[in-house]
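*Asks:* Sharing a sequence plus its predicted fold:
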Amino acid sequence: MFDKMIIKATINMDDIGTIVLRNYLEQCTEGDELYYKSTAYANFDGCFVEVRGNRLRCKCSICKLYSKGKTGKLDNSRPMTFAMAVRTIRELMMRLCVKPENAVVTYYEIGITMRLEQAAEMYIRQVLRASDRILWNDANYPEYKQKTTEKSKYYRKVMKIYDKTYEQAEKGHHVGSNVLRIETIYRHQSVPLVQLIENSYLCKIGKIFYNDWSGLEFDRELTAAKGVKMSQLDRAREIHRLGVTRYKERYKQLYLDGKLTKKQWETIRTFANRWNKERTNYTEEVGTLEQEFKERLLKNWQLGIFTPARNYINI
């Protein structure tokens, strides 16, 4: 489902008065420029709007706007399909007096929220990579509360997994225990709104979302074939976790520091150099947390969370 979104649009100057009234905008000045922007009321309304000349910028959460229309509360913890999102976008464009063909989406998030059997941080602790990119602990959160792929300016796509229970509790809200959220964030975009809500585009990004997250890499234990020594299994598990290069660098430094004998270092190095052949003696075991996560994700897919309905494609 869509969550946060930034929309930029060209508007008819004759509609500015209506836009100001409908969205409770305040008049502002900056030098000789007169413009309009949202007041603090937007925190309760869920829609931040700025109008400069014939240019409009809107920042909102589509999911929260949908929830507000249904329950009167801004809430993005409940399921919402693409079909519901498109209908909400259509209503938003009417409210903003924006023609869809005059609007461009520069930022959007797609995500789902899942209630799992254990605390969200248990799953976050185990995930390693998403879409072949490392998931790092977010420094702005306690450990294992949120992980993201690299967020540098060079990345237009960022993937994020976080503890929704913790995040909402920090804001004074309660969504229950064991709630995990996954999101894909698209930044620095320039997608025409009419294209974004087309059936083919929604199907494409929905499929990409599912493929990315169903391939989420968890930390897996290795089990050994019959006849493998425990010391070899311990080495194999460490190589599996660190990778051959980091593994060798670590133990080479221990040898240089005098903490390993030459014979010990030679044994470790030989094992690492033969890893491509040795690894056939070991099997990755899928853990219960990984299995549960991927089953829940598949269930959401099958329920049609990411399936657009033709009734809501044109707005």
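*Replies:* Perfect, thanks for sending it.
*Asks:* can you give me the mean pLDDT across stretch 76-90?
*Replies:* The average pLDDT within stretch 76-90 is 87.
*Asks:* The nearest residue to Ala224 once chain neighbours are set aside: helix or strand, and which one exactly?
*Replies:* For Ala224, ignoring the flanking residues on the chain, the nearest one in space by Cβ to Cβ, 6 or more residues apart in numbering is Leu233 at 4.6 Å. To be clear about C-beta, it is placed using only N, CA and C from the backbone, and glycine gets the same treatment. If you go by DSSP states H and E, Leu233 is part of helix 230-242.
*Asks:* next one: Val228
*Replies:* Secondary structure assigned from DSSP H and E places Val228 in neither a helix nor a strand.
*Asks:* Thr106 and Gly215: what is the separation?
*Replies:* 27 Å (Cβ to Cβ, to the nearest Å).
*Asks:* who has more neighbours, these two?
*Replies:* Using other Cβ atoms under 10 Å as the criterion, Thr106 and Gly215 rank with Thr106 on top: 16 against 12.
*Asks:* per-residue pLDDT, Ala309?
*Replies:* pLDDT for Ala309: 50.
*Asks:* sorry, back to before: give me the next element, helix or strand, following the helix holding Leu233.
*Replies:* Next helix or strand after helix 230-242 toward the C-terminus (DSSP H and E): helix 244-256.
*Asks:* Name the residues of that next one that come out as buried.
*Replies:* Neighbour-count burial for helix 244-256 flags Tyr247, Lys248, Tyr251, Tyr255 (criterion: 16 or more other Cβ atoms under 10 Å).
*Asks:* same deal with stretch 40-50?
*Replies:* For stretch 40-50, the neighbour count (16+ other Cβ under 10 Å) marks Ala42, Asp45, Gly46, Cys47, Phe48, Val49, Glu50 as buried.
*Asks:* Could you tell me which of those belong to strands?
*Replies:* Cys47, Phe48, Val49, Glu50 (DSSP state E).
*Asks:* residues touching the first one, list them.
*Replies:* I take that to be Cys47. Contacts for Cys47 were tallied using Cβ atoms under 8 Å, 6 or more residues apart in numbering; they are Asn23, Ser38, Cys58, Lys59, Cys60, Leu65, Leu92, Arg95.
*Asks:* and it, bridged to which residues?
*Replies:* Cys60 (DSSP bridges).
*Asks:* could you pull out the helices for the stretch 151-300 of the chain?
*Replies:* For the stretch 151-300 of the chain, the helices defined by DSSP state H, counting those that start in this stretch occupy 164-170, 193-196, 199-214, 230-242, 244-256, 262-273, 275-278, 288-302.
*Asks:* and these as TSV, adding mean pLDDT and distance to Ser131?
*Replies:* TSV is the format used below for the helices of the stretch 151-300 of the chain (pLDDT from 0 to 100; distance: least, Cβ to Cβ, whole Å):
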stretch	mean pLDDT	distance to Ser131
helix 164-170	92	21
helix 193-196	96	21
helix 199-214	93	5
helix 230-242	88	20
helix 244-256	93	21
helix 262-273	93	28
helix 275-278	91	25
helix 288-302	91	14
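*Asks:* Quick check: the residue nearest to the spatial centre of the chain vs Leu128, distance?
*Replies:* Geometric centre of the chain, nearest residue: Glu183, 2.0 Å, by Cα atoms, centre = their mean. Using Cβ to Cβ, Glu183 is found at 18 Å from Leu128.
*Asks:* could you say what helices and strands the longest strand anywhere in the chain packs with?
*Replies:* If you go by DSSP E, the chain has its longest strand at strand 103-115. Secondary structure elements in contact with strand 103-115, counted by 3 or more Cβ pairs under 8 Å, 6 or more residues apart in numbering; DSSP states H and E, are strand 2-10, strand 179-186, strand 191-192, helix 193-196, helix 199-214, helix 288-302.
*Asks:* nearest to Lys99, of the ones you listed?
*Replies:* strand 2-10 (7.9 Å; Cβ to Cβ).
*Asks:* Show me the one of the helices of the stretch 151-300 of the chain that comes nearest Ile7.
*Replies:* Short answer: helix 193-196, nearest of those by Cβ to Cβ, at 6.6 Å.
*Asks:* Would you mind measuring from the spatially closest residue to Trp275 that is not a sequence neighbour to Asn102?
*Replies:* When the adjacent residues along the chain are set aside, Trp275 lies closest to Val244, with 5.3 Å between them (Cβ to Cβ, 6+ apart). As defined by Cβ to Cβ, Val244 lies at a distance of 54 Å from Asn102.
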